[in-house]
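In: Build the 3D model from these lines:
(2 chains)
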There are 2 protein chains.
Amino acid sequence: MYKSEQLAQHLRRLIENGSWPVHTRLPSLREQAEISGFSLMTVMNAYQDLEAQGLIYSKEKSGYFVAENAKTQIPQSATIVSLNPKIEINSLVFKYLKSIQSKDIVPFGSAFPDHHLLTPSKLLQVVSQMARDQKSYDQTTNLPPGNLALRKIIAQRYCMQGIPTDADDIVITSGGLDALNLSLQALTRPGDYILLQQTTFYGAWQAAERLGLKVITLPEHAKYGFDLEAFEQVIQHYPIKVCWFMLNAQNPIGFTVSDEIKYKIAKLLHEHKIYLIEDDVYEELFYGMHKPLSMKYFDRGNLVLHCSSFSKTLGAGFRVGWVYAGKYSEQIQHLQLMSTISANALIQNALVEFVSSHHYEKHLRLLRRRLEKNKKRFAQYLKQHLGQCCEIYNFPSGYFLWIKLPLHISSLELYQKLIIKHISLAPSPLFNVLETNQHYIRLNCSFEWTSRIQDALDQFIQSILNFP
Amino acid sequence: MYKSEQLAQHLRRLIENGSWPVHTRLPSLREQAEISGFSLMTVMNAYQDLEAQGLIYSKEKSGYFVAENAKTQIPQSATIVSLNPKIEINSLVFKYLKSIQSKDIVPFGSAFPDHHLLTPSKLLQVVSQMARDQKSYDQTTNLPPGNLALRKIIAQRYCMQGIPTDADDIVITSGGLDALNLSLQALTRPGDYILLQQTTFYGAWQAAERLGLKVITLPEHAKYGFDLEAFEQVIQHYPIKVCWFMLNAQNPIGFTVSDEIKYKIAKLLHEHKIYLIEDDVYEELFYGMHKPLSMKYFDRGNLVLHCSSFSKTLGAGFRVGWVYAGKYSEQIQHLQLMSTISANALIQNALVEFVSSHHYEKHLRLLRRRLEKNKKRFAQYLKQHLGQCCEIYNFPSGYFLWIKLPLHISSLELYQKLIIKHISLAPSPLFNVLETNQHYIRLNCSFEWTSRIQDALDQFIQSILNFP
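Out: Residues are numbered from 1 along each chain as shown, chains lettered A, B, ... in the order given. Okay, here's the model as predicted:
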């Protein structure tokens, strides 16, 4: 925790427990520096934080005072998390990602679908064909905002979902994470407040840390996935600049939020002029008849930057994603021209050919069916063997199961036990920095059922049943 | 300019002109805030800046004082440049890069060699062949630090240059700029001092701005390219953390610094424990018998992070570069896993095949010969028609000519005149933020001599000769 946040937390307690009643004058900056032993700068930051949170107010030339409703200001449902540059999650994620890289590992911890299900042979043909033509490698026509034909196809797909979209609204990026990061960088300045889901993709934590943002987290709703009431409280009390949410086949839990709730979220975002970075990389991996609507569909006033990619449908090795950037297109292109410059030219050209053909939809349908089948098999097997001791969250999309372990089992320890046996799992500390939330794992169920997979699952099951 | 820098500049003047003699006590932070009307935070930042520059020193509990040698502290040769987030260079670079993107433009302003000279047909064959195999797309084996076989080949090439290198020293990146940016991010924290060449690749300015670094610039030496004396002065007087230099076929000017000077730079870096990010993306485009040595060759104590890429030899559309990261490999991988994740898997695999064959060297030799021939033709023609009024800097490597225009011609205006005629140029404000340096242009001479090229050159020549 930063020093200023330590101090702010201390002062918050004094206000909350009534030690400092409403309208009490706080010690001056200098006095506070002397009392606390912190530097003037630290004190100033702490006071500014408390002011931003509505706990204290300032009067020119007379200092800071405890605010009227200070005691009721902080919604119990939200947690303010201050990121320290040395926060554990970074080295944990790194060690984790490194440990699962080997080909010998059974990749239950992987974030990607079994790559045998991706890269359809028709796509390989297209890439191979295009690769023979020098023109396919010309970077000029593939520079930001990216290949025009590809942007047109993506725009058309939005239109078919009822979202009026022009090719110029789209920016092609080097994968989905690049789209998310660029969007966050375009919308924020260091010190801004960002709202994350409490259990969320670790990339969001890392991005917030790197950009020096203050993170507030919103716990998921046990029934609906998204807690609308808590959300409303939080945005009333904190000066949130940007939300970063995943509402379809949420990673890691898996829930999809209802249209009704999405509509209400959009309304609240509009009322409070808060941006939403929407991570929707699993949008195509639904099982039902209809693709779930995105928050972009409900967007009013260009507040939603919708991010997606081809990594989960065609292959992560392509490194091609996009953002519906709308009027932020130029800012995002600025950032790209200073960093990765552009996505791979050949692959952009090949995607134009493949995604505009019927082969893409055919591939998606087959992919969805296979993922549904494989996940069902995993879920049945696990329910049969672990149903007594674990809670298994099984939602009809994607390829993850979210499993609550018995309370005496730390998911991190389970991961460590199994990685030695060449089986990976994604433990909940990757997705949630709260200490109360260490008993879940995310299991990748995209794999065809083979004896190798069943053996690995059996070892996983035994590790839980025989956990000391 | 930031407010704190305005204030710092004002105070610096008081010190330099003797208004505040040595050991004078400066006004306290609070007094200064009252006198100047700036906030306490601003005053504190300004004082800290002056202290970092050795102009003032602080004594605990008694405040700040003018330093002993304050009046002689600032080497006249160096320029401290404070970057404002709204600095012109960003929007200038953006507008510029946008304006040259169209295929109709004669791309004299482009940073890339004519793409007809790149992507050799043998490489196209290899990519096409590999593209048919699903295994080529598997991201797992291409995650940071990147494809092992490719890193081994790159390491071997360093070894052949007399630089002992292991595959683990290398990190594959999404192009050369990505390598440079990642290195800078790994080595610096906001507020650190970075030393740039005064006329340099604009990406360095942009990276420094984005990371909140303080930039000091070192003017080039008229004869040797690099001014060793000024360099020594600067690093003695400023707490430089990192240098970002290009010393081979320097972009945009073109000079290559001698081995003797490189040796001395390395010695000074070692003495002062300063890191060097070496931009060496033109390393293969020399004309003589011997490849110029890199600073990495002279490195002592792992201070040099050598960055290069395949963009200038095989094609920018590939987006594959690398950094000799040595012990910083892990930090850089951390940053990658939070942003682009990895370079394209297929292309990494194809490069393994191509670069390890004799076809790569064959291609490089042909490329060098063609670039030399084309540049010679350009230089002759321009000397013939502009020799009287322009100074033409022609170095035996790369594919740029650096041209000094007559003093009444602003390179930016010339660029604007010609872009309307669909001819691009790179004007010097892209490379140098000083106002005294606005009369140069960088001309890309990589193109085969055709009537279209000659026509465009004629228009360029006429625009200069008839400049109002």
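
In: and A:R377, helix, strand or coil?
Out: helix (DSSP: H, G, I helix; E, B strand; the rest coil).

In: A:W449 is in contact with that one, correct?
Out: Yes. At 5.1 Å, A:R377 counts as touching A:W449 under the criterion of C-beta atoms under 8 Å. Placement of C-beta: from N, CA and C, glycine included.

In: These two: who's more crowded?
Out: Neighbours were tallied for A:R377 and for A:W449 using other C-beta atoms under 10 Å in any protein chain shown; the higher tally belongs to A:R377 (17 against 14).

In: OK, contacts around that one?
Out: A:R377 makes contact with A:445, A:449, according to C-beta atoms under 8 Å, 6 or more residues apart in numbering or on different chains.

In: what about it, distance to A:L414?
Out: 22 Å (C-beta to C-beta, to the nearest Å).

In: Ok, A:P429 next?
Out: Relative to A:L414, A:P429 is positioned 11 Å away (C-beta to C-beta).

In: try A:Y238
Out: A:Y238 is 35 Å from A:L414, where distance means C-beta to C-beta.

In: Alongside chain B, which residues does the stretch 251-400 of chain A contribute?
Out: Within reach of chain B by C-beta under 8 Å from any C-beta of the partner chain, the stretch 251-400 of chain A has these residues: A:315-319, A:330, A:333-334, A:337-347.

In: From those, which land in helices?
Out: Using DSSP state H, A:330, A:333-334, A:337, A:345-347 are the members of those that sit in helices.

In: Just the buried subset of the residues you listed, please.
Out: A:330, A:333-334, A:337, A:345-347 (16 or more other C-beta atoms under 10 Å in any protein chain shown).

In: Excluding residues flanking it in the chain, which one is nearest A:L314?
Out: Distances taken as C-beta to C-beta, 6 or more residues apart in numbering or on different chains put A:L118 closest to A:L314, at 5.6 Å, once the chain neighbours are dropped.

In: Compute the first-to-last residue distance for stretch A:417-434.
Out: End-to-end distance for stretch A:417-434, by C-alpha to C-alpha, to the nearest Å: 22 Å.

In: Return the set of buried residues in that stretch.
Out: For stretch A:417-434, a neighbour-count test (16+ other C-beta under 10 Å) marks A:417-419, A:423-433 as buried.

In: Tabulate the residues you listed (JSON lines), appending distance to chain B, secondary structure and pLDDT.
Out: Below are these laid out as JSON lines (distance: C-beta to the nearest C-beta, whole Å; DSSP: H, G, I helix; E, B strand; the rest coil; pLDDT from 0 to 100):
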{"residue": "A:K417", "distance to chain B": "22", "secondary structure": "helix", "pLDDT": "94"}
{"residue": "A:L418", "distance to chain B": "18", "secondary structure": "helix", "pLDDT": "95"}
{"residue": "A:I419", "distance to chain B": "15", "secondary structure": "helix", "pLDDT": "93"}
{"residue": "A:I423", "distance to chain B": "15", "secondary structure": "strand", "pLDDT": "95"}
{"residue": "A:S424", "distance to chain B": "11", "secondary structure": "coil", "pLDDT": "94"}
{"residue": "A:L425", "distance to chain B": "17", "secondary structure": "coil", "pLDDT": "94"}
{"residue": "A:A426", "distance to chain B": "14", "secondary structure": "strand", "pLDDT": "94"}
{"residue": "A:P427", "distance to chain B": "17", "secondary structure": "strand", "pLDDT": "94"}
{"residue": "A:S428", "distance to chain B": "19", "secondary structure": "helix", "pLDDT": "92"}
{"residue": "A:P429", "distance to chain B": "16", "secondary structure": "helix", "pLDDT": "89"}
{"residue": "A:L430", "distance to chain B": "12", "secondary structure": "helix", "pLDDT": "90"}
{"residue": "A:F431", "distance to chain B": "15", "secondary structure": "coil", "pLDDT": "91"}
{"residue": "A:N432", "distance to chain B": "18", "secondary structure": "coil", "pLDDT": "85"}
{"residue": "A:V433", "distance to chain B": "16", "secondary structure": "coil", "pLDDT": "76"}
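
In: Distance to A:I170 added to the residues you listed, as TSV?
Out: Listed next are these as TSV, based on distance: C-beta to C-beta, whole Å:
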residue	distance to A:I170
A:K417	45
A:L418	41
A:I419	39
A:I423	39
A:S424	34
A:L425	36
A:A426	31
A:P427	36
A:S428	34
A:P429	35
A:L430	30
A:F431	29
A:N432	32
A:V433	33
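
In: which residues of chain A score low on pLDDT?
Out: A:1-2, A:69-89, A:435 (pLDDT under 70).

In: how about a cut-off of 80?
Out: Scanning chain A with the threshold set as pLDDT under 80 gives A:1-5, A:13, A:16-19, A:52-54, A:60-61, A:68-91, A:100-101, A:433-436.

In: And it, what are its domain boundaries?
Out: A:3-74, A:105-116+A:362-465, A:121-360 (automatic domain parsing).

In: wait, which of those is closest to B:D169?
Out: domain A:121-360 (22.5 Å; C-beta to C-beta).

In: Do stretch A:197-213 and chain B come into contact?
Out: Yes. Judged by C-beta under 8 Å from any C-beta, stretch A:197-213 and chain B are in contact via A:203, A:206-207, A:210.

In: can you name the two of the residues you listed that are farthest apart?
Out: A:G203 and A:R210 (10.3 Å).

In: just the strands in chain A please.
Out: With DSSP state E as the criterion, chain A has strands at A:56-59, A:63-66, A:79-81, A:170-173, A:193-197, A:214-218, A:240-245, A:275-279, A:304-309, A:321-324, A:391-393, A:400-404, A:426-427, A:440-444.

In: Can you add distance to B:Q6 and give those strands back as CSV?
Out: Shown next, in CSV, are the strands of chain A (distance: least, C-beta to C-beta, whole Å):
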stretch, distance to B:Q6
strand A:56-59, 25
strand A:63-66, 27
strand A:79-81, 34
strand A:170-173, 36
strand A:193-197, 29
strand A:214-218, 28
strand A:240-245, 27
strand A:275-279, 32
strand A:304-309, 35
strand A:321-324, 37
strand A:391-393, 56
strand A:400-404, 53
strand A:426-427, 50
strand A:440-444, 51
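
In: What sits closest to the residue nearest the centre of chain A if chain neighbours are left out?
Out: For chain A, the residue nearest the mean C-alpha position is A:F201 (3.9 Å; C-alpha atoms, centre = their mean). Computed as C-beta to C-beta, 6+ apart, the closest residue to A:F201 that is not its neighbour in sequence is A:N251, at 4.9 Å.

In: and that neighbour, how many residues sit next to it?
Out: If you count neighbours by other C-beta under 10 Å, A:N251 ends up with 25.

In: roughly how far apart are it and A:Y96?
Out: Taken as C-beta to C-beta, the span from A:N251 to A:Y96 is 15 Å.

In: Phi first, then psi, for A:I420.
Out: With angles defined as degrees, to the nearest 10, A:I420 sits at phi -60, psi -30.

In: Now for A:R210: which residues touch it?
Out: B:M338.

In: switch to 10 Å and redo it
Out: For A:R210, the contact set (C-beta atoms under 10 Å, 6 or more residues apart in numbering or on different chains) comprises A:83, A:85, A:90, A:181, A:184-185, B:185, B:335, B:338-339.
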